[in-house]
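> Starting from these lines, generate the structure:
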Amino acid sequence: MATWTHQVSVSPFDLPQFPEIIPFPALEQFLEGFVFLNQKELNFLQDWSLKLTEPNSATHALVRTNWLLVALSNIAVAMGLLRSEPMKHGTLVVPVDRAREFIDLIGKNTKMQFEDMNARDMHRPYKKYIQRIDEMERIIRFLLEELTKVPGASPVKHNVDAFLDHSDDYKLDDVEANLHKIHKEFIQFKENNGKLLERRNAALEERYVVQTAMASMAHVASSRSVRAPEDRFEFEASRSLLDEEGGTSRRSLETMFSNIAGVIHQEEQDRFARMLFRATRGNTFTHFQQIFEPMRDPKTGREVHKSVFVIYFQDHRIGSSVSAMSEKINKICNSFGVNTYRWPSSRTAAQEMNDSLKVQVEDQERLLKAHEHFVKSEAASLLEPVDRNRDSLIEEWRLFCIKEKSIYATLNLFEGNMNLRASCWYPEEDEDRIRAMCIQNSSSHGHTSAMLVPDKTPPRKSPPTYIKVNEFTAIFQVLVNTYGLPRYQEANPALFTIVTFPFLFGVMYGDVGHGLMLLSVGIYAVWKADELKFSLPVMHEGRYILLMMGLFAVYCGFLYNDFFSIGLTLFESRWTQPAISPETKPGSVVAMQPKFDHENRGGPGPYPFGLDPAWHGAQNELVYLNSMKMKLAVVLGVAQMLVGLLLRFTNAMYEKNMVDFACECVPMFIFMICFFGFMDYMILFKWVTPMREPPSIINSMIAMAMWSEDSNPMFGSLVPQMLMVVCMLAVPWMLIPKPFILHRRNQVQSRPTTQRFRASSDGLGGHMPLSDEESLLCEESEEDEFDLTEVVIHQVIETIEYVLGTVSHTASYLRLWALSLAHQQLSLVFFGMTMLGGMSAPFPLNIFTTYFAFGAWFGVTVAILLGMDVMECFLHTLRLHWVEFQSKFYKADGYAFEPFCHRDVLHKKTDE
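Down below sits the predicted model:
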C-alpha cells in the first residue's frame, strides 16, 4: 500500500485580520453598574476624561482604557479579592466580672485580633483556669487512649458547627467534675483489668509449664522401648539427662540433679540462655518450648509471645538448704523478670495440676469477658452522639476544653483590675456589629458594660492583612500566601491567579484526552468533597484547582487539536490535497493547497477553531508548531507582565504615592511597551498580514538593540530606533529622580520637628519638659532613619534587576512552548510505541496485542503524563506566577490577621 507525506505551507496561525478599532462604550455601560460611586461622581469623571483629550485620539483611547481598569478594580474590591479588607484599630474595654462572657460572644460572632498588653511583665491573671483546663485535656487524652482499646469503639467527630450552636449547654465546673469522676472509674477499670489479666496469664503460663513437663515425662517413658538402629542416634540425642542405664545409678543421679521452670519473652530467650551459660560456666542445660498463643501484657495492653524454659543443673544441696547454683539461677531469673513455676514430681501430679489449671483459666476468661462487657457499656455513654448530627460526648468535651482554653488565653492578653482593656484590630465593616453586641449584652446588667473605643489617629504599625476567601478561592490564595502574604491593602495576585494559573497550566498540558482524565479527577474530588475532607485533606483542599486545570487543559487541547496525540476532525479541513499523478512515487512530498483566503482579502476564512487537522502528520508539522507555540508563549508572557505593571500602577495610585507612580511605574511601563510590546506587536502583525518576504523578528530585535542595520525591517528603520531611544531614556528615569526626591522630602519633613523642639525649649528658658522630650525622642526612634546612600543603592539594584529581569523573564515564558512541545511529543511516542504497534499486527493476533498494548499505554500515560507531567507543569506554572508575574508589583511583606474566632480555633485543632 502506498503511503504519502504532505506538507502544509502558508503563514502560521491561520487567523482573520484583527479589527483596527475596539469598541468600548457597550462594555463601559455594563461596568458602570459595578463602580461604587454615585451617578454625579460618575458623570463628573467621564466628562473630565473626555474634555482632557480629543475624541478618537490615542490619548483619548488610553484614558478610556484606564477608566475601564478603574471600573474593573472597583469590581474586584467589592469582591474582596483585589485588596484586603479595611482594618481599624481600637481598644476593647470589658468588665472583669463578665469578661469571659463578652470574650465568648466576640469569638462566636465577630473577628477581632488582640494585642498582648502584658508582654513586658508577663502578668497572666487567668493562668489558674488554663492549668485546670490542661488537666482536663490530659484526662480526655487518657480516656480516648483507653477507648481505643475497646473493640469497635470510635467517637463521632467533625461536627464543629453543631457543637458551637450548643456550646452554652456546658459549664466548666460541671465538665471538670464529670471528667474527674469518669477518670477515677476508668483508673479502677484499668487496675481491675490488669489484675484479672495477671491472674489469667499466670494460670495460663503455669498450665503451659505443666504441659511441657507432661510431654517431657511421656517422652522419657516412651524412650525406654526398643528402637530400631536407625532411630538410635535420635533417641540418644533427645533422651533426658536423668535417664541412665541401671536402676541404682539412676536413683543416685536423681538425687543430684534439679530443675527450674518458668516463662520468658521470646525476644529475651537468647540473651537469657547466654547469661545462664556464662554465669554457670556451662554447668546448666536450658530447654525452650515456644508458646504459640499470644498473651496480652497487663501493663501495655499489647500482645506478646512467650516461651516455656526448663533449666537442668546439678544440685549438691544437703538437707533443705539451697545450693549456690540454685541461688545463682534464681537471681538471674529475677533480673530478667521472668515468672517461675513448680515443676511437677510425676505424671499423675502433672495431670492433676493441668486439670485444675484448665478450670482456673476458664474462670479467669469468663471474668475478663464480663469485665470487658461492663467497660463497653460504660464507654458507650461517652461514644454515643449527644444528639442528631452532633459529636460524641467525649468529643464535645474535648472541643469545649479547647474553646475555654482559647477564651482564657485571650483574657490573659488584657490588662486592668476593675475593667479589662486590650488593643485590638478588627474589620471596619464589623465595627457597628461589635458595638451593637456590646450594648445589647450590657443593657440588662446595670453598670457592668463593655465598649469598643476606636483610635482617633491611625496607629504607626501597619494593619494586618485580612482577605476573605471561600472554598473556591482558598486554594489560590494559599498558593499566593506560600510566596508571601500581601501587604495591607496591596493588590492581591490571587484574583488573577484564579484564571491565569489554570490557563498557563493548560497551555503547557494542552490535550483533550489527558485533560479529560485530569478533569474527571477534579469532578470526583468536588463530588466527594465531604468524604475526602478528612481522609485526603490535601486533595479536598485542591479540588477546585484540579477542576480548573482539567478544564483549561481540555480547552487548550481543542486549540492544539490534540486527543492523545491524535488530531480531531471536528470541522471540515481548510486544506485540500491535489490530484496525485500515477508517476508519483510512494513517500514523495505533496504540497497541500489552502481552501481559504490566506491573504485576508475577504474570502473564506480558516479553520473555525484551533489547529487545522491537516497539520497532523505533515512533514513540517513540528516546525510549524514550534514557531506557533514559541511566539504564543512570548505574547502571553509579555501580556501577563504588563498586567503586573498595571497592578503596580494601581498600588501607587491607591497609596497616593506619586513618587513611585512617576519615577517607577511610568518608566517601567514605557520600557516594557517600547521594547517587548513592540516585539509582540510585530508577532501579531506578522500573523495577520500576508507578506511575500516576511522579516525575521529575532533579527529585527537584535538590530534594534545593537543599533545595527536591519536588512528586512517590518516598519522601516526609524520606528525601532525611536523606540530604542525611549527605552534608553527610561532607564535613568527609573534610576535618578526618586532618591533625590525622597531626600528633599525628608529634609522638608524634618524641619517642623526641629522647630517644635526649639520653640518648646525657648518658651521654658532653654529647657524642655521631660515628658515632651521623651515623647519626641520616642517619635524620632520609631521613624526610620533616612540614609541617602542606602536609598541610592537600593534604587540602582532595583533598576538593574528590572531591566535585566524583563529580558530573562520574557525568555522564561518560553517554558510554555517547551513543556507543551514535550508533552505532545511524549504522548505521540507513547501512543506510537504501544497502541500503533499492537494494532499493526496481523489479524487475529492484533486483537490480543491491542489488548495488552492498551494496558501498557494506559499505565505509562497515568504514571508519566498524568502523574509526573502534571506535577512538572504545575511547578513551572507556579514559578511563572511567583517570579515573572508577582515580581512586577508584589511586595509580600504583610502579616496575617489572626482573629479570635471559635470556629477557626476548633477547625484548626480538629484538622491536627
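
> ok, longest helix in this protein?
Counting by DSSP state H, the longest helix found in the chain is helix 172-222.

> Pro713: what's it in contact with?
Pro695, Ser700, Ala703, Pro720 (C-beta atoms under 8 Å, 6 or more residues apart in numbering). Where C-beta positions appear, they are placed from N, C-alpha and C, glycine not excepted.

> rewinding a little: now for the longest helix of the chain, which elements pack on it?
Applying 3 or more C-beta pairs under 8 Å, 6 or more residues apart in numbering; DSSP states H and E, we find helix 172-222 packed against helix 127-148, strand 257-265, strand 284-290, strand 295-296, strand 306-314, strand 339-341, helix 347-383, helix 393-411.

> Quick one: distance of the longest one to the chain centre.
What that stands for is helix 347-383. 50 Å (C-alpha atoms, centre = their mean, to the nearest Å).

> What angle do helix 172-222 and it make with each other?
160 degrees (axes from the mean of the first three to the mean of the last three C-alpha atoms, to 10 degrees).

> May I see the buried residues of helix 347-383?
350, 353-354, 357, 360-361, 364, 368, 371-372, 375, 379, 382-383 (16 or more other C-beta atoms under 10 Å).

> now the second one
Neighbour-count burial for strand 257-265, counted by 16+ other C-beta under 10 Å, picks out Ser258, Asn259, Ile260, Ala261, Gly262, Val263, Ile264, His265.

> where does this structure dip in pLDDT?
Residues of the chain that meet the criterion pLDDT under 70 lie in 1-80, 219-256, 316-322, 443-448, 584, 587, 751-784, 911-912.

> Which parts of it are strands?
Taking DSSP state E as the test, the strands found in the chain are 5-7, 87-95, 113-114, 257-265, 284-290, 295-296, 303-304, 306-314, 339-341, 419-427, 451-454, 575-576, 589-591, 593-594.

> Direction included, what does the second one pair against?
The partner list of strand 87-95 in its sheet, established with DSSP bridges, is strand 419-427 (antiparallel), strand 451-454 (antiparallel).

> coming back round to it: between the buried residues of strand 257-265, which is nearest Arg83?
Arg83 has its nearest neighbour among these in His265, at 66.5 Å by C-beta to C-beta.

> quick one: contacts for the closest one?
Counting by C-beta under 8 Å, 6+ apart, the residues that His265 touches are Val304, His305, Lys306, Ser307.

> Next one: it relative to Val635, how far apart?
73 Å (C-beta to C-beta, to the nearest Å).

> who's in contact with the closest residue to Pro502 other than its chain neighbours?
Counting by C-beta to C-beta, 6 or more residues apart in numbering, Met548 is the residue found nearest to Pro502 once chain neighbours are left out, at 3.8 Å. Taking C-beta under 8 Å, 6+ apart, we find Met548 in contact with Ile498, Phe501, Pro502, Gly522.

> go with 10 Å
Phe472, Ile475, Phe476, Ile498, Val499, Phe501, Pro502, Phe503, Phe505, Gly506, Leu519, Gly522 (C-beta atoms under 10 Å, 6 or more residues apart in numbering).

> Could you state which residue of this protein sits nearest its centroid?
Note on the chain: the residue nearest the mean C-alpha position is Val538, at 6.1 Å, using C-alpha atoms, centre = their mean.

> what sits against that residue?
Applying C-beta under 10 Å, 6+ apart, the residues contacting Val538 are Leu532.

> and the nearest residue to Asp710 once chain neighbours are set aside, how many neighbours does it have?
Nearest residue to Asp710, sequence neighbours excluded (C-beta to C-beta, 6+ apart): Ala703, at 4.0 Å. By the criterion of other C-beta atoms under 10 Å, Ala703 has 20 neighbours.

> Ser808 versus Ala703, what's the distance?
Taking C-beta to C-beta, one finds Ala703 at 21 Å from Ser808.

> Show me where the stretch 451-600 of the chain has its helices.
474-483, 494-509, 512-527, 529-535, 537-541, 543-560 (DSSP state H, counting those that start in this stretch).

> Just tell me which of those ends up closest to Ser462.
helix 474-483 (16.9 Å).

> Can you point out the buried residues in that closest one?
Buried residues in helix 474-483 (16+ other C-beta under 10 Å): Ile475, Phe476, Gln477, Leu479, Val480, Asn481, Tyr483.

> Spatially, what comes nearest to the third one if we skip its sequence neighbours?
Of all residues beyond its chain neighbours, the one nearest Gln477 is Ala494 (4.6 Å), with distances taken as C-beta to C-beta, 6+ apart.

> With the last one instead?
Closest residue to Tyr483 in three dimensions, ignoring its sequence neighbours and counting by C-beta to C-beta, 6+ apart: Trp882, at 4.8 Å.

> go on, the fifth one?
Of all residues not flanking Val480 in the chain, Ala494 sits nearest, at 4.6 Å (C-beta to C-beta, 6+ apart).
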